[in-house]
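Engineer: Structure for the following, please:
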Amino acid sequence: MKPPGAARPCGILVVDDDLRLAMTLQELLHQEGYTVEVAVSAAEALALQERNPGLAVALVDLIMPITDGLKLMEELHRRDPDLSVVLMTGYGTIETAVEAIKRGAEDYLTKPIDSQAVRKKVARLMEIFELRERVAQLEANLQHYPSFEAVISVSSQMQRVLERARAAAPTDISVLLLGETGTGKEMLARAIHASSGRARGPFVPVNCGAIPRDLVESELFGFRRGAFTGAYADTPGIFATAEGGTIFLDEIGEMPREAQVKLLRVLQEGEIRPVGSSKSRRVDVRVIAASNRPLSTLKGEFLREDLYYRIATLVIELPPLRTRPEDVLVLVQHFLTRFSKRAGREITLSHSAADLLVNYPFPGNVRELENILSGATTLSREDQQTLTEKDLKPLLSQAALPSLLTDYSSQPLSLEVLERVAIQQALRLCEGNRTRAASLLGISRDTLHRKLRQYRDGT
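Structural biologist: Residues are numbered from 1 along each chain as shown. Okay, here's the model as predicted:
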């Protein structure tokens, strides 16, 4: 943060026909390090906005001659929808505040103005502005550099992770990524591959826990025709498919011990022998492995030590989302930008909904956050632009249930919540296709439509 008195690249507009008050606010905010423009009329305010496209916040008097604060706010928003407007009024009633917020105000202040309240409200809105700018920059980078910039994060923990990954990328060393489910291990592995000399080669992900025990060897190394029942033709394995590129062995700790022995031999000798073949062939493949188990139990208990030392030339641990709350709102903004495009309308979070997410433990990490926002957007009304606590809470409870089951042992979930979340998950799995979602749920398409209308109408 810049020291007091240092001008920031984004600024604040104060609009009040009481010049004395406007100048007092200008001095107060300037002491906080902001650049501040002052206008005493709506016309002057609009002219200043045109000359200062980097405005972040406007403090607007509600009662002014010719054009009142609400009308000015609407015109300011028409020109810049992202401008945060705080209305100031000496007639501070609940009705006034509700009407102002309904029409697009971020907040309101009552006169006489309290200096501390101004500082707090402006600081919060400036943080939001800077967050949006940072997300926009990250997404702009993503368009040009689809590599490490794809990892949306501002936390110091993740920056250290990215520094280590960037250092490893140009080399051919084996990397072991550790982290809870949903922390982004595969995304980081793809980033390492995309920034390496193998970027033109294939990136082949393998879920080691999903391969049947008796098929691991043939899946990884291939097989020859007639090697076993059903082997009707020579088939290259995953390692051969990844030739010249990177193989990503996800959940490597779930690989059977006997398969680990053969994998170790391949990594040591750089050769594979397809099942049923008497000849070996060289392979040029980089290995990145991952596990959601802690290192203390992975090594020895789930992974042979000799294999561990072969694949863990560099170990990178991805921190869970609950330990880096500063990333939550950045990710929220990123996902809502994407879902807004999908929904055809701009979707935001209410302040209370944002607070709810920042304080939520996210046992499913970034993937869970994405699913929650996707589900809430899908189930929102077609004219709804702001997601509230009411939209998120049912999804939070169900999303946390697998990892925090004991937390709910005395708080049973209602059938309505379970039904709503089941529908949300079905729609997500079916990528929004309602016919397929209805089939997955075992209900008719008409029933699904009726349920969605009930949720959207709040009935």
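Engineer: and the closest residue to residue 129 other than its chain neighbours, how many neighbours?
Structural biologist: Distance criterion CB to CB, 6 or more residues apart in numbering; nearest residue to residue 129, sequence neighbours excluded, is residue 56 at 3.9 Å. Every residue, glycine included, has its C-beta placed from N, CA and C. Residue 56: 25 surrounding residues under other CB atoms under 10 Å.
Engineer: Make sure residue 56 is actually in contact with residue 83.
Structural biologist: Yes: assessed by CB atoms under 8 Å, residue 56 is found in contact with residue 83 at 7.3 Å.
Engineer: before we move on, back to that, continuing past the helix or strand encompassing the residue nearest to residue 129, what's the next helix or strand?
Structural biologist: Assigned by DSSP states H and E, residue 56 belongs to strand 55-61. On the C-terminal side of strand 55-61, the closest following helix or strand by DSSP H and E is helix 69-79.
Engineer: packing partners for that following helix?
Structural biologist: helix 42-51, strand 55-61, strand 84-89, helix 94-102 (3 or more CB pairs under 8 Å, 6 or more residues apart in numbering; DSSP states H and E).
Engineer: Of these, which is nearest residue 150?
Structural biologist: Closest approach to residue 150 among the helices and strands packed on helix 69-79 is made by strand 55-61 (27.0 Å; CB to CB).
Engineer: Quick one: low-confidence residue ranges for the stretch 351-459 of the chain.
Structural biologist: Across the stretch 351-459 of the chain, the ranges flagged by pLDDT under 70 are 397-418, 421, 425, 428-431, 455-459.
Engineer: quick one: the helices in it?
Structural biologist: Counting by DSSP state H, counting those that start in this stretch, the stretch 351-459 of the chain has helices at residues 351-358, 365-379, 389-400, 415-429, 434-441, 445-457.
Engineer: what about the first one, distance to the chain center?
Structural biologist: Right, the one you point to is helix 351-358. Distance, stretch centre to chain centre, for helix 351-358: 15 Å (CA atoms, centre = their mean, to the nearest Å).
Engineer: That helix packs against which elements?
Structural biologist: Applying 3+ CB pairs under 8 Å, 6+ apart, one finds that helix 351-358 contacts helix 326-343, helix 389-400.
Engineer: which residues touch that helix?
Structural biologist: Applying CB atoms under 8 Å, 6 or more residues apart in numbering, the set of residues contacting helix 351-358 from outside is 325, 328-329, 332, 349, 369, 372, 387-389, 391-393, 396.
Engineer: burial count for the residue lying closest to residue 79 once chain neighbours are set aside?
Structural biologist: Using CB to CB, 6+ apart and skipping the chain neighbours, the partner closest in space to residue 79 is residue 49 (6.2 Å). By the criterion of other CB under 10 Å, residue 49 has 20 neighbours.
Engineer: Quick one: closest of the helices and strands packed on helix 351-358 to residue 123.
Structural biologist: Nearest to residue 123 among those is helix 326-343; the distance by CB to CB comes to 14.7 Å.
Engineer: Now residue 240: which helix or strand?
Structural biologist: helix 238-241.
Engineer: following that helix, which helix or strand shows up next?
Structural biologist: strand 246-250.
Engineer: That next one packs against which elements?
Structural biologist: helix 185-194, strand 203-207, strand 286-291.
Engineer: Tell me the buried residues in the helix or strand following that strand?
Structural biologist: As assigned by DSSP H and E, the chain's next helix or strand after strand 246-250 is helix 257-269. Applying a neighbour-count criterion of 16 or more other CB atoms under 10 Å, one finds 259, 260, 262, 263, 264, 266, 267 buried in helix 257-269.
Engineer: quick one: low-confidence parts of the stretch 51-200 of the chain?
Structural biologist: Along the stretch 51-200 of the chain, segments meeting pLDDT under 70 span 91-94, 97, 137-146.
Engineer: what's around the nearest residue to residue 226 once chain neighbours are set aside, how many residues?
Structural biologist: Leaving out its chain neighbours, the residue that sits closest to residue 226 by CB to CB, 6+ apart is residue 276, at 6.6 Å. Residue 276: 15 surrounding residues under other CB under 10 Å.
Engineer: Do I have it right that residue 122 meets residue 30?
Structural biologist: No: if you go by CB under 8 Å, residue 122 and residue 30 don't touch, sitting 11.6 Å apart.
Engineer: Looking at the two, which has the bigger crowd around it?
Structural biologist: Shown here are residue 122 and residue 30; by other CB under 10 Å, residue 122 has more neighbours (24 against 15).
Engineer: separation between the more buried one and residue 86?
Structural biologist: Distance of residue 122 to residue 86, computed by CB to CB, to the nearest Å: 8 Å.
Engineer: Check residue 118 too.
Structural biologist: From residue 118 across to residue 86, the span is 9 Å (CB to CB).
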